[in-house]
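Asker: what shape does this take:
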Amino acid sequence: MSREKFTACKHLDFVTSYNAKKNRISSNGKTKVCWSRRVIDFTFPSLVQFCKLRGRLNDPEACLCEKDKRCGEYVDFEHIVETDD
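Answerer: Prediction:
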């Protein structure tokens, strides 16, 4: 298990237990975390974010920084997330 410390919107949810696995990605040259979910129909994205206010966001980089925010509720926050890899 590894731990990632990064800034992103405070409304992103890395605590709730979803039917998905936390996945490290590089976003704007920094390591951050998104969710990887199993999909049967490949018209649906496998890498997503989950927002406490808006539910699933179909982009792994959604709200990882202010320029990639998806709403007016963005607030910078330091997350510390445990990943399985």
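Asker: this structure: strands as residue ranges?
Answerer: For the chain, the strands defined by DSSP state E cover 2-9, 21-27, 30-36, 47-51, 55-57, 76-83.
Asker: among those, which is the most enclosed?
Answerer: strand 47-51 (a mean of 21; mean count of other C-beta atoms under 10 Å). Where you see a C-beta, it was placed from the backbone N, CA and C, and this is true even at glycine.
Asker: so who does Asp13 touch?
Answerer: Residues in contact with Asp13 (C-beta atoms under 8 Å, 6 or more residues apart in numbering) are Phe50, Cys51, Lys52.
Asker: give me the most central residue, the protein.
Answerer: Centroid-nearest residue in the chain, with C-alpha atoms, centre = their mean: Cys34, separated by 3.2 Å.
Asker: with adjacent residues omitted, what lies nearest to that residue?
Answerer: Pro60 (3.8 Å; C-beta to C-beta, 6 or more residues apart in numbering).
Asker: may I have the distance across stretch 67-81, first residue to last?
Answerer: The first and last residues of stretch 67-81 sit 22 Å apart, counting by C-alpha to C-alpha, to the nearest Å.
Asker: can you pull out the residues in contact with that stretch?
Answerer: Against stretch 67-81 from outside (C-beta under 8 Å, 6+ apart): 3-12, 14, 22, 27, 33, 51, 53-54, 57, 59, 61-63, 66.
Asker: repeat for stretch 51-62
Answerer: By C-beta under 8 Å, 6+ apart, the residues outside stretch 51-62 that reach it are 9, 11-13, 23, 25, 27, 34-35, 44-45, 47-50, 63, 68-71, 73.
Asker: Tyr18 is in contact with Phe50, isn't it?
Answerer: Yes: taking C-beta atoms under 8 Å as the definition, Tyr18 is a contact partner of Phe50 at 6.1 Å.
Asker: done for today, thanks.
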